[in-house]
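Q: okay, sequence plus prediction incoming.
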Amino acid sequence: MKKITLSLIVLTVACGQIFAASFTDEEKANTFSAKEVEVMPVPVTQSQPKIPKDLKGIAGKVYVGFIVDSSGAVTAPRVLKSENDALNDVAVNCVAKWAFKPAEKGGSAVPMRVVVPIRFA
């Protein structure tokens, strides 16, 4: 499998608008979107998906939504859209282990809503 690379500025803005309704009203009230922050979160740790033997060779894209909290941890990861449901748990488990330098607004770290596509080939 190819290494996952992440460009949060492009992905979050493009995907975030498409999937804005996928976040709860409480999450929207307590976090920021890409348009509202001055500094985007920066990946610090990005593990690769651990694909079980029975799923090797299966392709598809899974869109995972989550929040990067003000400490840079991933919280509330979940599938927003999937081309292959068999890959959902693998994608969510992978993203849950990621860590970021958090987004910033007004010079302070803030929680931000993020959506990324995880591609399996």
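A: Looks like it arrived, so ask away. Numbering: from 1, shown residues only.
Q: rest of the way, CA atoms for contacts and neighbours
A: Will do.
Q: from what I can see V74 touches K101, true?
A: No: with the criterion set as C-alpha atoms under 8 Å, V74 and K101 do not qualify as a contacting pair; they are 10.8 Å apart.
Q: which one of those two is surrounded by more residues?
A: The neighbour comparison of V74 against K101 (other C-alpha atoms under 10 Å) goes to V74, with 23 against 19.
Q: show me the beta-bridge partners of that one.
A: Beta-bridge pairing of V74 under DSSP bridges involves V68.
Q: distance of it relative to C94?
A: Applying C-alpha to C-alpha, to the nearest Å, one obtains 11 Å for the distance of V74 from C94.
Q: shaky segments in this structure?
A: 1-21 (pLDDT under 70).
Q: can you give me the strands for it?
A: If you assign secondary structure with DSSP state E, the strands in the chain sit at 42-45, 60-68, 74-82, 99-101, 103-105, 108-110, 112-120.
Q: about what we covered before: shared neighbours, V74 and C94?
A: With contacts taken as C-alpha atoms under 8 Å, 6 or more residues apart in numbering, not a single residue reaches both V74 and C94.
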